[in-house]
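Peer 1: I would like the atomic coordinates for the input below:
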Amino acid sequence: MISNKQQTKRILVVDDEPAILEEYQRAFANDSGGDNTVLLNALDHELFGTQAEKSSNVEFAVSSASQGEQAVFKVRNATKTNEPYQIIFLDVDMPPGMNGIDTARQIRSVDQDVNIVIVSGATGLEPGALAEQIPPVDKLFFFRKPFHTVECRQLAIALCGKWFSDKALQRANIELEGQIQQRTAQLHELAYFDATTGLPNRIKLLDRLESVLAAEEDVPKLADETILFVVLDIERFSFINETMGYQLGTELLQEIGHRLQGLVREHDIVGRFGSDEFAVVLRNFSSAREPRLSVLRIEELFQHAIEVSGRKIFLDCAIGIAKYPEHGDTPEEVFRCAEAALNRSKRHMLRQTVYYDRTMGDIARKKYTLEQELRVAIESREIQPFFQPQCALATGHWSGAEALARWIKPNGKVVSPADFVPLAEETGLSDALFQSMFDQVSECVADWQGESWAVPISINMSPQQLRNPELQRSINSVLAITGAAPGMLKFELTESSLMENLDLGVQVLSSFRDLGIGIQLDDFGTGYSSLQYLADLPVQALKIDCSFVWRMSEGENYARVIAAIVALGHALKLTVVAEGVETVQQLEKLRNYQCDIVQGYLLAKPLPVDAFVDALKAPIPLRDAV
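Peer 2: Alright, predicted model coming up:
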């Protein structure tokens, strides 16, 4: 950019008096200056502390006009040739043509940036009124005749400098605006489009659909003129990322997005909803068969290997579908229904395509309501431990009990553990539920300490608890507060929960064993039974899953399995517990297999605390049998 000091300043002088024009010429002559100019330069330096541009170094290109019409013509030509004036000195009275005020108005309509100086010897001018007529205010000035040439030259230098500074600021603002627009476009891209695939994200997709549905020609008029909302979930995508690398995972997502776009028609929409979720909106069908054919094309995409970086990858895909307007009035509502159908598909072993139906919505609403109630129930201790006693077959005495979570609402309604326990796991409330149960059981154990009938109590623990970094601190804190003896407490975990992270499980459970808390392996025989891991685990007991006990009467194979588990447990010096004992015949067989402890409805159902204490103090039912 050429600086103000390096450019010639262009001035237009408009006056009908030749003597005045000559005075302007002397003021703007390139050799003008003299002692007065030197004094003014020195005064500038003294006042402002900087070296001002020397008047004698400034070059002016001066044009003149004697009439307003001629001045407007020159300004118009100057702007057309991109050689605009920086200043126009304009006389007020120039008979017989336009006066200076009208001329100034027309000049301003041609050039918005030029500095206009109204020159007059009259005293009746009202600058405020004129400034409103010839905006902007900061580009309109008044200069009185007669004037001193040095004064006129200094004014010209200052206004030319202002003009160049204004232009530089305008260019900077334009450049800044461009940068802002570019950055806004980038942010828009990030906010509304998926960075990996370039597809619209959830926000953009919903926005586009709102626009589509708002247009009258795109709104379905008949029930069979449906818009299909299809949501796809790529199964085990995180596993692909972990085993093959994130770069290949990125390329795979890009390839899936590209192929989906290739499958659909021009007016259909493809988007990416999440890390492994895509969405496809299918609309404007020409026949009744076309919706199903469109879905079949999507299903077939995942029936063949997808090649990425020379590797063939086979994918499973869960698909959920909802319809507009049948399942909702807005895109958001319909997509929620499609995702409900997707969740049903993900739970299905064969990953079938699932179409939404109203029962899913009812289930989802009930589930949401139950979740809100569950949070309150945990905090208010509506969920309490019920205790199912266990009997040692060798002695015929009560030897322990399992604490089971039971939810009884204030109105007496019972919520099944099959409903609220999985929900707690799914919604992240599992830790809070376990903590509440452990607190209550520890308080009971502390109250019973020293009683002759007191027995150890086992509490179920999920994989989520093992992953909780605050678990050990919390357990120690509760034991310290309640005074419960660790030896009167046991934790039960399933095989599958331990196998999710065996190293972590061994580490955490070893710390509890060292503290004195017993560890039992629950549902043994239904998971990853392995002698190698079983020998490594810090467990003291195995619990035979009730399904084996219940099926002993169906054939000798189930009975042999139980006998083998008992023998294995004893070989590893572990106590073996059988749960689900409901008949005397089951009890007798377990005794014959030398099972150590039994638990089930034959002896006692899960009991509230007071009834449990009474049961421990009373003789065991069927004492002769045990």
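Peer 1: low-confidence ranges in the stretch 201-350 of the chain?
Peer 2: Applying pLDDT under 70 to the stretch 201-350 of the chain flags the ranges 216-225, 349-350.
Peer 1: same thing but at 50, please
Peer 2: In the predicted model, the stretch 201-350 of the chain carries pLDDT under 50 at residues 216-224.
Peer 1: cool, and the chain?
Peer 2: 1-3, 5, 35, 43, 47-48, 50-52, 216-224.
Peer 1: tell me the centre residue of the chain?
Peer 2: residue 274 (9.2 Å; CA atoms, centre = their mean).
Peer 1: spatially, what comes nearest to that residue if we skip its sequence neighbours?
Peer 2: Leaving out its chain neighbours, the residue that sits closest to residue 274 by CB to CB, 6 or more residues apart in numbering is residue 202, at 7.8 Å. The C-beta positions use only the backbone N, C-alpha and C, and glycine is treated the same way.
Peer 1: right, and the one you found touches residue 269 too?
Peer 2: No - using CB atoms under 8 Å as the test, residue 202 is too far from residue 269 to be in contact (12.0 Å).
Peer 1: after the top strand by length along the chain, next one along is what?
Peer 2: Counting residues, the longest strand found in the chain (DSSP state E) is strand 397-408. Where DSSP states H and E defines the elements, the next helix or strand beyond strand 397-408 is strand 414-415.
Peer 1: and that next one, which strands flank it?
Peer 2: Sheet pairing for strand 414-415, assigned by DSSP bridges, gives strand 397-408 (antiparallel).
Peer 1: hmm, who's touching the strand it pairs with?
Peer 2: The contact list for strand 397-408 (CB atoms under 8 Å, 6 or more residues apart in numbering) reads 377, 382-392, 414-415, 417, 420-421, 433, 437, 441, 453, 455-460, 490, 492, 579, 597, 599, 606, 608, 612, 615-616, 620.
Peer 1: helices or strands up against whichever helix or strand residue 262 is part of?
Peer 2: Take DSSP H and E as the rule and residue 262 turns out to sit in helix 246-263. Counting by 3 or more CB pairs under 8 Å, 6 or more residues apart in numbering; DSSP states H and E, the packing neighbours recorded for helix 246-263 are helix 237-244, strand 269-272, strand 277-282, helix 290-301, strand 306-308.
Peer 1: how about CSV for those, with distance to residue 147 and mean neighbour count added?
Peer 2: Converted to CSV, those look like this (distance: least, CB to CB, whole Å; neighbours: other CB atoms under 10 Å):
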stretch, distance to residue 147, mean neighbour count
helix 237-244, 80, 14
strand 269-272, 71, 23
strand 277-282, 74, 23
helix 290-301, 83, 15
strand 306-308, 81, 16
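Peer 1: the longest helix that the chain contains: what's the following helix or strand?
Peer 2: Longest helix in the chain by number of residues (criterion: DSSP state H): helix 149-192. Read in the C-terminal direction, the helix or strand following helix 149-192 is helix 202-214, with elements assigned using DSSP H and E.
Peer 1: okay, now the residue nearest to residue 274: neighbour count?
Peer 2: 18 (other CB atoms under 10 Å).
Peer 1: run through the strands of the stretch 351-500 of the chain in chain order.
Peer 2: Using DSSP state E, counting those that start in this stretch, the strands of the stretch 351-500 of the chain run over 354-355, 383-392, 397-408, 414-415, 457-460, 489-494.
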